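[1] Sequence isn't available, so here's the structure alone:
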């Protein structure tokens with residue numbers, strides 16, 4: 001139970017498919033963890049409703065500092081102002097908004113120079129050396145996000161269409177994909193696929209959520225699914241190499257974040273292209289808490305980070321489900 005007299009800081013990791021909010025003490029012990037839907041403003045106007053509900057649930061925590069990583073922040077002036085206002089109005093303490101990839105970098109690498117490659121609903125490489133930051137990718141699903149969970153899902157659905165109309169010979173892949181999206185029993189899979197895709201109320205998070213199932217198909221040995229993850233690794237490795245060229249001071253250290261990296265196939269393919277990664281010290285929500293603790297002036301050392309990591313891993317989040325989609 002939270003001692004209301006004990007100081008806490010608050011971190012927010014907003015994403016395209018899910019969002020997390022965590023409160024932690026000066027010792028790095030998590031006292032509250034909330035999980036809600038995505039809050040990407042480029043996915044629809046209901047991001048404000050989702051963020052508002054999460055913030056309302058945190059209103060009794062009274063943090064001394066808040067660090068919020070929100071998707072799309074820094075990319076659209078009008079939306080930036082709305083994101084800043086939503087966070088500022090919710091808290092009486094110092095509260096700052098950052099791009100969500102900054103929080104992923106903070107969690108993975110902290111103050112260390114390097115490059116973070118994110119593959120969640122979207123994708124981006126973030127190279128950093130002190131105050132110098134270089135971003136590569138992150139253009140959104142309309143004309144970017146290569147190698148992301150959405151890209152993986154969309155690529156798989158595209159290849160399913162190719163197989164259904166005869167451009168690709170992959171019967172095992174077709175059966176697995178039809179089962180994954182729930183239309184295997186339909187007599188006319190061509191028509192069923194079209195009806196399913198264009199009726200999705202939240203296409204981007206739903207398509208991104210397919211990546212986990214596509215990984216399972218790849219693990220089963222399916223060549224088409226494995227090729228998708230090889231292609232995703234090619235795209236993500238290109239982001240990292242480009243970021244390194246633009247920020248050579250970041251060096252060769254790289255780490256990762258995002259749900260796509262739950263895939264062993266993707267991690268193995270990335271290591272083959274870039275060398276072994278540095279295992280993230282904290283998940284992105286941990287990076288947000290870490291940054292809030294720095295804002296509060298709290299002492300942070302390796303023991304504090306380890307305590308926060310274990311506390312986050314052991315803490316079961318309370319869910320806020322506003323959308324009828326699979327929130328990974």
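    That came through fine. Predicted model only: the values in this text are computed from it and were never measured.

[2] buried set for the longest helix anywhere in the chain?
    Determined from DSSP state H, the single longest helix within the chain is helix 223-246. For helix 223-246, burial by neighbour count (16 or more other C-beta atoms under 10 Å) applies to 224-226, 228-229, 231-233, 235-244. For glycine as for every other residue, the C-beta is placed from the backbone atoms N, C-alpha and C.

[3] so where do the helices sit in this protein?
    Under DSSP H, the chain gives helices at 47-57, 77-90, 100-109, 149-164, 171-181, 189-198, 203-219, 223-246, 264-274, 284-295, 302-314.

[4] Buried deepest among the ones you listed, which one?
    Of the helices of the chain, the one with the most neighbours on average (mean count of other C-beta atoms under 10 Å) is helix 100-109, at a mean of 29.

[5] so what does that one touch, helix or strand wise?
    strand 8-14, strand 66-70, strand 114-119, strand 123-129, strand 254-257, helix 284-295 (3 or more C-beta pairs under 8 Å, 6 or more residues apart in numbering; DSSP states H and E).

[6] Need the contact partners of that helix.
    Helix 100-109 is contacted by residues 11, 13-15, 67, 69-71, 73, 116, 118, 124, 126, 128, 133, 135, 138, 253, 255-258, 278, 280-288, 290-291 when judged by C-beta atoms under 8 Å, 6 or more residues apart in numbering.

[7] relative orientation of it and strand 114-119 in degrees?
    Here helix 100-109 runs at an angle of 120 degrees relative to strand 114-119 (axes from the mean of the first three to the mean of the last three C-alpha atoms, to 10 degrees).

[8] Just put the helices and strands packed on helix 100-109 in CSV and tack on distance to residue 21.
    What follows is those, written out as CSV (distance: least, C-beta to C-beta, whole Å):
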stretch, distance to residue 21
strand 8-14, 5
strand 66-70, 9
strand 114-119, 19
strand 123-129, 22
strand 254-257, 17
helix 284-295, 8
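
[9] Would you reformat those as a markdown table and include distance to residue 268 and mean pLDDT?
    A markdown table is the format used below for these (distance: least, C-beta to C-beta, whole Å; pLDDT from 0 to 100):
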| stretch | distance to residue 268 | mean pLDDT |
| --- | --- | --- |
| strand 8-14 | 26 | 94 |
| strand 66-70 | 28 | 93 |
| strand 114-119 | 14 | 96 |
| strand 123-129 | 18 | 95 |
| strand 254-257 | 12 | 96 |
| helix 284-295 | 22 | 96 |
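
[10] ok, back up a step: now do the longest helix of the chain: distance to the chain's middle.
    In terms of C-alpha atoms, centre = their mean, to the nearest Å, the centre of helix 223-246 is set 17 Å apart from its chain centre.

[11] What's the mean pLDDT across that helix?
    Average pLDDT, helix 223-246: 97.

[12] Likewise for stretch 303-322?
    According to the model, stretch 303-322 has a mean pLDDT of 81.

[13] related to what we said a few turns ago, okay if I get the helices of the chain as TSV plus distance to residue 25?
    As requested, these are exported to TSV (distance: least, C-beta to C-beta, whole Å):
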stretch	distance to residue 25
helix 47-57	19
helix 77-90	20
helix 100-109	18
helix 149-164	33
helix 171-181	42
helix 189-198	46
helix 203-219	32
helix 223-246	35
helix 264-274	32
helix 284-295	10
helix 302-314	9
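
[14] With respect to residue 20, which of those helices lies nearest?
    The closest of the helices of the chain to residue 20 is helix 284-295. By C-beta to C-beta, the value is 4.3 Å.

[15] circling back to that earlier point, tell me which of the helices and strands packed on helix 100-109 approaches residue 91 most closely.
    With C-beta to C-beta as the criterion, residue 91 lies closest to strand 66-70 of the helices and strands packed on helix 100-109, at 5.1 Å.

[16] That closest one pairs with which strands?
    strand 8-14 (parallel), strand 95-99 (parallel) (DSSP bridges).

[17] Mean neighbour count, those strands: which tops it?
    strand 8-14 (a mean of 29).

[18] Report the angle between that one and helix 77-90.
    Going by the same axes, to 10 degrees, strand 8-14 makes 150 degrees with helix 77-90.

[19] Next, the angle from strand 8-14 to helix 302-314.
    On the basis of the same axes, to 10 degrees, strand 8-14 is oriented at 60 degrees to helix 302-314.

[20] Report the inter-axis angle for strand 8-14 versus helix 284-295.
    140 degrees.

[21] Strand 8-14 vs helix 47-57, what angle?
    Taking the same axes, to 10 degrees, one finds strand 8-14 and helix 47-57 inclined to each other by 160 degrees.

[22] what distance separates strand 8-14 from the middle of the whole chain?
    Averaging C-alpha positions (C-alpha atoms, centre = their mean) puts strand 8-14 15 Å from its chain's average.

[23] Return the per-residue confidence for the closest residue to residue 298 other than its chain neighbours.
    Excluding its sequence neighbours, the residue lying closest to residue 298 (C-beta to C-beta, 6 or more residues apart in numbering) is residue 26, at 5.5 Å. On the pLDDT scale, residue 26 is placed at 94.
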